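>>> Got a predicted structure plus its sequence, pasted below:
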Amino acid sequence: MKRIGIVYRAHPPAAVALAATLEGVLQRHGIVTWKQEVERDHEIASVIAESDLIIVLGGDGTILSVARQCAGDGTPILGVNFGHVGFLTELEPDQVIAELPHYLAGDYWVDERTMLAGVLRANGQQQSFLALNDIVVARGAEPRVIRFIIRIDDAYYASVTADGMIVATATGSTAYNLAAGGPILYPSVQGMVMTPIAPHLAVDRPLVLDPRARVEWELTGNSGSAVLAADGQLIWPFEGEATVTITTSPHVTRFLRRRSRNQFYQVLTEKLRGR
């Protein structure tokens with residue numbers, strides 16, 4: 001590795017201090033290093049393209065933001081947990097200095113995660129976007145349900161009345177999808193899971209989809225106001241008729257790992273049960 005970036009949040013102050021320490025350590029290893037404080041979706045793409053690794057000091061939200069920006073270049077991420085949950089992170093802050101030489105020496109494996117590509121057509125406009133966790137359409141400020149006509153691979157699947165719909169990757173299956181009653185998918189599963197939010201009929205259940213599937217949600221004109229969220233960070237409100245198309249993206253997010261691949265089950269128990 002010749003060039004490494006360090007991305008960190010200003011809070012907590014410990015992240016700022018660790019960023020400075022890491023910068024010094026990497027430079028002593030002869031590695032060109034840059035560091036940047038970021039807010040949510042602060043653009044850092046120009047330097048990501050020139051880097052061999054991005055070390056992210058933050059929580060899952062910070063990693064999601066950086067992941068979307070890394071996707072086009074395939075730049076891997078090493079996550080250090082300064083958040084509350086830390087599903088996506090690899091190391092705790094007190095582990096970084098001791099563990100860093102292993103990663104610099106190439107002693108790691110690459111954890112590739114599926115991403116979603118979405119297109120929203122609403123209000124006479126079109127918006128394209130990426131997501132690592134999920135794409136959600138939910139009702140807006142008005143307490144009115146949304147009426148979805150769902151097609152999969154251009155074939156009619158169902159008409160659903162609900163507070164919203166989720167399509168999640170395996171990575172995002174432990175987020176909103178889980179809270180809405182959807183299944184947990186092992187991280188390397190390339191498929192998607194589609195889960196309704198508070199559906200009005202008991203037959204409307206989560207559905208695991210083929211990774212090559214093309215999902216289309218058509219929102220009918222008698223639906224209430226709605227909002228689309230990608231990873232809970234990219235937000236677009238809209239009114240009336242709309243169409244959302246979702247596929248798996250050709251881009252993936254790459255995380256550097258040293259822990260056992262089977263450790264996912266232990267991490268899952270610890271994070272969900274607070275142990």
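Happy to help now that I have it. All figures in this text were calculated on a predicted structure; none of them were measured in a lab.
>>> My read is that residue 241 contacts residue 220, right?
Yes: judged on CB atoms under 8 Å, residue 241 makes contact with residue 220 at a distance of 6.6 Å. Every C-beta, even on glycine, is put in place using the N, C-alpha and C of the backbone.
>>> show me the contacts for the residue nearest to residue 91 when sequence neighbours are not counted.
Excluding its sequence neighbours, the residue lying closest to residue 91 (CB to CB, 6 or more residues apart in numbering) is residue 80, at 5.0 Å. For residue 80, the contact set (CB atoms under 8 Å, 6 or more residues apart in numbering) comprises 18, 55-58, 89-93, 96.
>>> what's the strand or helix carrying residue 35 packed up against?
When elements are assigned from DSSP states H and E, residue 35 belongs to strand 32-37. Under the contact definition 3 or more CB pairs under 8 Å, 6 or more residues apart in numbering; DSSP states H and E, strand 32-37 sits against strand 3-8, helix 13-28.
>>> got those as JSON lines, with distance to residue 180, mean neighbour count and mean pLDDT columns?
Shown next, in JSON lines, are the helices and strands packed on strand 32-37 (distance: least, CB to CB, whole Å; neighbours: other CB atoms under 10 Å; pLDDT from 0 to 100):
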{"stretch": "strand 3-8", "distance to residue 180": "30", "mean neighbour count": "23", "mean pLDDT": "95"}
{"stretch": "helix 13-28", "distance to residue 180": "31", "mean neighbour count": "15", "mean pLDDT": "96"}
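>>> could you dump these to CSV with distance to residue 37?
What follows is the helices and strands packed on strand 32-37, written out as CSV (distance: least, CB to CB, whole Å):
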stretch, distance to residue 37
strand 3-8, 6
helix 13-28, 7
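>>> Mind listing residues that contact stretch 204-217?
Contacts of stretch 204-217 (CB under 8 Å, 6+ apart): 114, 137, 148-154, 158, 160, 162, 165, 167, 177, 180-183, 185, 190-196, 243-248.
>>> List the contacts of residue 140.
By CB under 8 Å, 6+ apart, the neighbours of residue 140 are 224-227, 237.
>>> what's the nearest residue to residue 160 if we skip its chain neighbours?
Residue 160's closest residue in space is residue 148 (CB to CB, 6+ apart), at 4.6 Å.
>>> How much space separates that neighbour from residue 170?
Counting by CB to CB, to the nearest Å, the separation of residue 148 from residue 170 is 23 Å.
>>> Equivalent analysis for residue 241, please.
Counting by CB to CB, the gap from residue 241 to residue 170 is 31 Å.
>>> cool, residue 250 as well?
Taking CB to CB, one finds residue 250 at 17 Å from residue 170.
>>> shaky segments in the stretch 1-150 of the chain?
Scanning the stretch 1-150 of the chain for pLDDT under 70 picks out the ranges 39-43, 45.
>>> So which residues of it form strands?
Along the stretch 1-150 of the chain, counting by DSSP state E, counting those that start in this stretch, strands occupy 3-8, 32-37, 53-58, 77-81, 109-122, 125-131, 134-139, 146-152.
>>> Rebuild the ones you listed as JSON lines, extending it with distance to residue 215.
Rendered in JSON lines, the data for the strands of the stretch 1-150 of the chain read as follows (distance: least, CB to CB, whole Å):
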{"stretch": "strand 3-8", "distance to residue 215": "31"}
{"stretch": "strand 32-37", "distance to residue 215": "35"}
{"stretch": "strand 53-58", "distance to residue 215": "29"}
{"stretch": "strand 77-81", "distance to residue 215": "27"}
{"stretch": "strand 109-122", "distance to residue 215": "9"}
{"stretch": "strand 125-131", "distance to residue 215": "13"}
{"stretch": "strand 134-139", "distance to residue 215": "9"}
{"stretch": "strand 146-152", "distance to residue 215": "6"}
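>>> looking at those strands, which is buried most?
strand 53-58 (a mean of 27; mean count of other CB atoms under 10 Å).
>>> Quick one: the helices in the protein, in order.
Using DSSP state H, the helices found in the chain span residues 13-28, 45-48, 60-70, 96-104, 176-179, 263-273.
>>> Single out the most deeply packed of those.
Mean neighbour counts for these (mean count of other CB under 10 Å) peak at helix 60-70, with a mean of 25.
>>> For that helix, enumerate the helices and strands it packs against.
helix 45-48, strand 53-58, strand 77-81, strand 242-257.
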